[in-house]
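J.: Kindly generate the corresponding structure for this input.
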Amino acid sequence: KTLHLERKHMYRFDRNHQFKLTDFNQPMGLKMNPENRWVKKAETIPWNEIEDKYAKLFPGKKGMPAKPLRVALGSLLIQKQLQFSDRELVEEIRENPYFQYFIGLPGYKDEIPFVPSLLVEFRKRLTEEVLTEINEMIIEYNSPDDGDPTDGSGSGKDSGSSEDNSSEESPKGTFILDATCAPQNISYPQDVNLLNEARMNLEGMIDTICYEYNYAKPRTYRKNARRDYLNLAKSKKRTAKKIRKAIKAQLQYIRRDLRYIDEFLSGGDVELSGYHTKRLDTIRTLVEQQQYMYDNKVHSVADRIVSISQPYIRPIVRGKAKASVEFGAKLDLSIDEKGIARLERLSFDAYNESDVLITAIERYKKRNGHYPERVLVDQIYRNRNNRAYCKEHGIRMSGPALGRPKKNAKIDKKQEYIDNTDRIEVERAFSLAKRKYGLGLITTKLDETTRGSIVLSILAMNVNRFTVISFTHFLISIFSRNNWRIIPQNS
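T.: Numbering: from 1, shown residues only. Reported below is the predicted structural model:
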């Protein structure tokens, strides 16, 4: 799978760019610490290999050269971990020499490296597919050699074995899988609020058309509509009767506004912009859904729109104590025996998590050359198809068997406790990604940038883990080289 991008820009690859701390031009009086966390993070990322592929995304030969990949990816990784806004991120990079080293600048300069609005282009270029491939490249770069017998990521192709024998390698390793939701930063959707927002958008379109094409403004009754909305919004006790009355009134105002816009468009001389065309289509779909729920006295409909500005978001029923319904993308995250996280599925529509397990295990088999010895999953994954698949390939699935327990069944309490303890690792990854890497509240606005933001959170979490692992290996090597041991003191 190769990286791809639709836009054609020019890209200038600088082979002489600094990639080590010794190449960084430090000002007089500044001595940077080589053990700083951002220096160590930079060492875990294969900038050259990634930039070779990134440069192919820009086949154009004209125009302003695009910013290097290290500037784009490094800036977004800093933003993910420290949760800066776009403007604040640029100022922090200007003030911090370690940030400037991490994004690949040749030396420290007290000036902004780019304008804050350029971060929007970075997010559009680094799509879900691009970041997923970069994540795999970082994992491969930080994985041990295939010759290591303890390495679970080896291909299984020994010098003395054939391809048939390698494909029949016995299962080993651990595979953990679970699902969660990445909430979007939107207001809680209420029918009356959505209809009021749609009405205001339509009134704005009518004003724009009348101003640009010199038409007389039709009567929209916007003051009356606003008054009817506030009567419910300011009401201390919202009864079902009041809510239905307010919804009916807003639907009537919206139908009138839509009729005016249709009359303008039928003349042939009025042309809406791309933004207004998409917004008008979204409002039409919203009105159809609200009218259906009003007529049938129901509160659910297929592909329900919960945000006019972000119509791709859907309600995800999770059944959690904090929030039974969340609004955002649903994703399946896997953790292998090394603690490395990978995104297995991402969708804004609700889906059954059990359908992901077989595909995720096959990807594990393709990466490592063997199936996992055990699969630690929640109860929803333990259906008959998944259990039969695991039994066929010699994989032990955690949890009790389906159906009524046998009379003389022996339960291995110790193994059950170990499985439940190890499965907490995926819950810890969810908690860490949501608290520290922005997965708990996605603030991007577009479909593609939202997907990229979710993958970037997982990528940043993996980079941080590799940094900790490299530091641990460094300490182990010091203790091993010096043969340090604790000597008891004589009393």
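J.: Which SSE is immediately downstream of the helix or strand of the chain with the lowest mean pLDDT?
T.: For the chain, using mean pLDDT, DSSP states H and E, the weakest element among its helices and strands is helix 163-167, scoring a mean of 47. Going down the chain from helix 163-167, the next helix or strand is strand 174-183, by DSSP states H and E.
J.: same for that next one, what does it pack against?
T.: Applying 3 or more Cβ pairs under 8 Å, 6 or more residues apart in numbering; DSSP states H and E, we find strand 174-183 packed against strand 325-336, helix 357-368, strand 374-376, helix 413-436. All C-beta atoms are positioned from the backbone trio N, CA, C, and that covers glycine.
J.: what do you get if the cut-off is 10 Å, keeping everything else the same?
T.: Counting contacts by 3 or more Cβ pairs under 10 Å, 6 or more residues apart in numbering; DSSP states H and E, strand 174-183 packs against strand 315-317, strand 325-336, strand 341-347, helix 357-368, strand 374-376, helix 413-436, helix 447-482.
J.: taking those together, which one is wrapped up most tightly?
T.: strand 374-376 (a mean of 24; mean count of other Cβ atoms under 10 Å).
J.: so which strand or helix has Ile54?
T.: Careful, residue 54 is Tyr and not Ile. Going by DSSP H and E, Tyr54 is part of helix 47-55.
J.: Report all helices and strands that the very next helix or strand once past that helix contacts.
T.: Per DSSP H and E, the first helix or strand lying C-terminal to helix 47-55 is helix 69-82. Packing partners of helix 69-82 (3+ Cβ pairs under 10 Å, 6+ apart): helix 37-43, helix 47-55, helix 86-95, helix 97-102, helix 118-125, helix 128-142, helix 413-436, helix 447-482.
J.: Now the shortest one - C-alpha only, PDB.
T.: This points to helix 97-102. What follows is helix 97-102, C-alpha atoms only, in PDB (Å, rounded to 0.1, in the frame of the first residue of the first chain):
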ATOM      1  CA  PRO A  97      14.800  24.800  21.200                       C
ATOM      2  CA  TYR A  98      13.900  21.200  21.900                       C
ATOM      3  CA  PHE A  99      10.700  21.500  19.900                       C
ATOM      4  CA  GLN A 100      12.700  23.100  17.000                       C
ATOM      5  CA  TYR A 101      15.100  20.200  17.100                       C
ATOM      6  CA  PHE A 102      12.200  17.700  17.100                       C
END
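J.: Any idea how far that helix is from the middle of the chain?
T.: Taking Cα atoms, centre = their mean, to the nearest Å, one finds helix 97-102 lying 25 Å from the centre of the chain it belongs to.
J.: That helix: which residues count as buried?
T.: By neighbour count on 16 or more other Cβ atoms under 10 Å, the buried set for helix 97-102 is Pro97, Tyr98, Phe99, Gln100, Tyr101, Phe102.
J.: Might you report the residue contacts of the fifth one?
T.: Contacts here follow Cβ atoms under 10 Å, 6 or more residues apart in numbering; on that basis Tyr101 touches 18-21, 23-26, 32, 36, 38-39, 42, 74, 107-108.
J.: Please report the distance of it from Arg227.
T.: 59 Å (Cβ to Cβ, to the nearest Å).
J.: can you list the helices and strands packed on strand 174-183 in TSV and add distance to Gly268?
T.: Listed next are those as TSV, based on distance: least, Cβ to Cβ, whole Å:
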stretch	distance to Gly268
strand 315-317	40
strand 325-336	39
strand 341-347	40
helix 357-368	50
strand 374-376	61
helix 413-436	51
helix 447-482	32
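J.: For Ser235, which of the ones you listed is the nearest?
T.: strand 325-336 (23.7 Å; Cβ to Cβ).
J.: That closest one pairs with which strands, parallel or anti?
T.: strand 174-183 (antiparallel), strand 315-317 (antiparallel), strand 341-347 (antiparallel) (DSSP bridges).
J.: Need those strands in a markdown table (columns: distance to Asn408).
T.: Converted to a markdown table, these look like this (distance: least, Cβ to Cβ, whole Å):
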| stretch | distance to Asn408 |
| --- | --- |
| strand 174-183 | 30 |
| strand 315-317 | 39 |
| strand 341-347 | 38 |
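J.: Could you tell me the least trusted of the ones you listed?
T.: For these, the weakest mean pLDDT is recorded on strand 315-317, namely a mean of 92.
J.: Near the spatially closest residue to Ile45 that is not a sequence neighbour, how many other residues are there?
T.: When the adjacent residues along the chain are set aside, Ile45 lies closest to Ile138, with 5.8 Å between them (Cβ to Cβ, 6 or more residues apart in numbering). By other Cβ atoms under 10 Å, the residues close to Ile138 number 20.
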